[in-house]
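Visitor: have a look; sequence and predicted model below, questions after that.
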Amino acid sequence: MTTPGTETPALDRRSLRKLMAAGLIGSSIEWYDFFIYATAAALVFGELFFPGASPLVGTLLAFSTFWAGFIARPIGGLVFGHFGDKVGRKPALVTCLVLMGSATFLIGLLPTADSIGALAPIALVVLRFLQGIAVGGQWGGVILLLTENAGRDRKGRAGTFGQMGVPIGVILGNVVFLTVSATVSPEAFLSWGWRIPFLASAVLLPVVMFIQLRVEDTPVFRQLQESHDQAPEAHVAQAPIMEVVRKHRRPVLLGAGLLFGTNAIFYISIAGVLDYATRELGVDRDQLLTVTLAASAISVFVIYFSGVASDRIGRRPPILLGAAIIALWAFPFFWLIDTGSLPLIFLALVGGLIGSSLTYGPLAAYLAELFEPRIRYSGASLAYQLAAILVSGATPFLMTALLVATGTSASVSAYIALMGAITFLSALVLRETRTKDEIRGRSGPGTRTESRAGSAAGDRRPGT
């Protein structure tokens, strides 16, 4: 039995590789389920679920239903954060994966407004809300299964296998939409072809079964459970989310700020630009999806590089660099988009997604390390999902509204620059969680205890 203050062993490399593969596949499919909604909202939902509205109003209404998923994400973070800190990381994650797959599959079966009238958009919002709850709890489960099973000097790298699921999910979604679009007529795509990407979410089931049957909960959580009788002060928190809200508001708010820049530029790139460039600039839809796919592929490698670098130089430097790129690239981003040239749009997306990915890569390990293990699922999830409701879901809607109100993309560029600046300042204020000794290689895998590292989360001194 492991006692508080003793070493928390990491998985052997073979077991960790299997876990990272499962985490990457599960996260990718989960984010695929979440993001195909954005593509469908930009391309078909306005016409299918709001047929009486003009194209612009229909798009705004479709993006407002897209936002519903982000409103639900903090709820999912709260519910499953509590569940994950009290019952375990694995059961919380498995429940979220099942909920996401079910909601996405049902969207693929949903009748449109032509069939059931006003019930169609209502049902769409309900299912989107369930998607949001699922993804709100899923992120914390994936990143904690990965980082809490990795050695202290590999947490940044391990965490990227959850983070890379975001661009891979975008790639998978675009590939499926492009394949369907290329194989059916435009009329068939609008009638039933759009349903195929949603029905394909059934492939998530084998991943759920693998995690349920072959993956144990993390050694950190098992140690917390085992230490209950020996040291009550180290036991599993009875009300973890309340403890986070009462005692850890600062890292939650600043942790959310770390995501403002990356979320803004990311959702503008995958959803806002898709609508804007096809509707206002006349860019071909399928060609634009291909460009977005290629730019997302590059961001996969940048996320991995950034996470690995954070194990060597600290979590904050890649985040600060990425935030600076986001802020500085904000105006060139739309100067290139507004040309309507596909090569220049690709360049704009690549620049923005490089900044986003440099920031995003280390965040799995960084947000987890800001909170002690007994409240980690709740704290990290709340920070992550707070940014989702404040920035992510609102961004495509806000972009469209700003373009209508100002008549210029400069207003959207100003918004991106502001979000990048908030991320930069948040990273400056937060402490570094990788100590100088660890960066110099003085501590190997498993040589520093999770309980000790977690207790240091309350210390605000830089470098401790």
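Guide: Sure, I can see it.
Visitor: tell me who's in contact with the residue lying closest to M100 once chain neighbours are set aside.
Guide: Excluding the flanking residues, the one nearest M100 by C-beta to C-beta, 6 or more residues apart in numbering is A134, at 3.7 Å. Any C-beta I mention is one placed from the backbone N, CA and C, and that applies to glycine too. Each residue near A134 by C-beta atoms under 8 Å, 6 or more residues apart in numbering is listed here: E30, G76, C96, L97, L99, M100, A103.
Visitor: same thing but at 6 Å, please
Guide: C96, L99, M100 (C-beta atoms under 6 Å, 6 or more residues apart in numbering).
Visitor: out of those, which are inside helices?
Guide: With DSSP state H as the criterion, helices contain C96, L99, M100 from among the contacts of A134.
Visitor: redo these as CSV? Include distance to A41, pLDDT and neighbour count.
Guide: Conversion of these to CSV gives the following (distance: C-beta to C-beta, whole Å; pLDDT from 0 to 100; neighbours: other C-beta atoms under 10 Å):
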residue, distance to A41, pLDDT, neighbour count
C96, 22, 87, 28
L99, 20, 91, 19
M100, 17, 88, 29
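Visitor: so can I have CSV of the residues you listed showing distance to F70?
Guide: Listed next are these as CSV, based on distance: C-beta to C-beta, whole Å:
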residue, distance to F70
C96, 16
L99, 16
M100, 14
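Visitor: ok, the residue nearest to M100 to I325 distance?
Guide: 31 Å (C-beta to C-beta, to the nearest Å).
Visitor: number of nearby residues for the closest residue to F105 other than its chain neighbours?
Guide: Closest residue to F105 apart from its sequence neighbours, by C-beta to C-beta, 6+ apart: S201 at 5.3 Å. Neighbour count of S201, defined by other C-beta atoms under 10 Å: 23.
Visitor: which ones are touching S201?
Guide: So S201 contacts D33, G101, T104, F105 (C-beta under 6 Å, 6+ apart).
Visitor: how about G361: what's its closest non-neighbour residue?
Guide: Excluding the flanking residues, the one nearest G361 by C-beta to C-beta, 6+ apart is S306, at 2.9 Å.
Visitor: next: G173.
Guide: I36 (4.3 Å).
Visitor: swap in G137?
Guide: Per C-beta to C-beta, 6+ apart, closest to G137 is F80, 2.6 Å.
Visitor: most centrally placed residue in this structure?
Guide: V166 (5.9 Å; C-alpha atoms, centre = their mean).
Visitor: I'd say that one and Y32 touch.
Guide: No: applying C-beta atoms under 6 Å, one finds V166 not in contact with Y32, separated by 9.8 Å.
Visitor: quick one: least confident helix or strand in this structure?
Guide: Least confident helix or strand, the chain: helix 450-455 with a mean of 41, by mean pLDDT, DSSP states H and E.
Visitor: now do the SS call for Y304.
Guide: helix (DSSP: H, G, I helix; E, B strand; the rest coil).
Visitor: so how many other residues sit close to it?
Guide: Around Y304 there are 18 residues (other C-beta under 10 Å).
Visitor: can you pull the contacts of it?
Guide: Here Y304 is in contact with T160 (criterion: C-beta under 6 Å, 6+ apart).
Visitor: can you do 7 Å?
Guide: Residues counted as contacts of Y304 (C-beta atoms under 7 Å, 6 or more residues apart in numbering) are T160, M164, G361.
Visitor: okay, and which of those map to strands?
Guide: Residues of the contacts of Y304 located in strands (DSSP state E): none.
Visitor: now these as a markdown table including pLDDT, neighbour count and distance to L281?
Guide: Formatted as a markdown table, the contacts of Y304 follow (pLDDT from 0 to 100; neighbours: other C-beta atoms under 10 Å; distance: C-beta to C-beta, whole Å):
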| residue | pLDDT | neighbour count | distance to L281 |
| --- | --- | --- | --- |
| T160 | 94 | 32 | 34 |
| M164 | 93 | 27 | 30 |
| G361 | 95 | 31 | 31 |
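Visitor: quick one: which of those is nearest E432?
Guide: Distance to E432, by C-beta to C-beta, is smallest for G361 among these, at 15.7 Å.
Visitor: that closest one contacts T160, doesn't it?
Guide: Yes: here G361 reaches T160: they are 5.5 Å apart, a contact under C-beta atoms under 7 Å.
Visitor: which neighbours do the two share?
Guide: I303, Y304, G307.
Visitor: element containing A365, please.
Guide: helix 363-369 (DSSP states H and E).
Visitor: quick one: mean pLDDT over stretch 344-357.
Guide: Confidence over stretch 344-357 (mean pLDDT, whole number) is 96.
Visitor: name the residues of it that are buried.
Guide: Of all the residues in stretch 344-357, those buried under the rule 16 or more other C-beta atoms under 10 Å are 345-357.
Visitor: contact partners of it?
Guide: Residues from elsewhere that reach stretch 344-357 (C-beta under 7 Å, 6+ apart): 262, 265-266, 269, 277, 291-292, 294-296, 298-299, 302-303, 306, 322, 325-326, 329, 333, 336-337.
Visitor: mind checking which of these are in helices?
Guide: Those of these lying in helices (DSSP H): 262, 265-266, 277, 291-292, 294-296, 298-299, 302-303, 306, 322, 325-326, 329, 333, 336-337.
Visitor: now that we have these, which of them are buried?
Guide: 262, 265-266, 277, 291-292, 295-296, 298-299, 302-303, 306, 322, 325-326, 329, 333, 336-337.
Visitor: tally up the residues packed near the residue nearest to V184 when sequence neighbours are not counted, please.
Guide: With C-beta to C-beta, 6+ apart as the criterion, V184 has its nearest non-adjacent residue at 4.4 Å, and that residue is G193. Neighbour count for G193, taken as other C-beta under 10 Å: 19.
Visitor: before we move on, what about R17?
Guide: Look at R17: counted by other C-beta under 10 Å, it has 12 neighbours.
Visitor: and what of A182?
Guide: A182, neighbours per other C-beta under 10 Å, totals 9.
Visitor: can you give me the strands for the stretch 201-350 of the chain?
Guide: In the stretch 201-350 of the chain, no strands are defined using DSSP state E, counting those that start in this stretch.
Visitor: I figured the residue nearest to G173 hits P197, correct?
Guide: Yes: contact between I36 and P197 holds when scored by C-beta under 7 Å: they sit 4.6 Å apart.
Visitor: and for the two, which residues touch both?
Guide: Counting by C-beta under 7 Å, 6+ apart, the shared contacts of I36 and P197 are G173.
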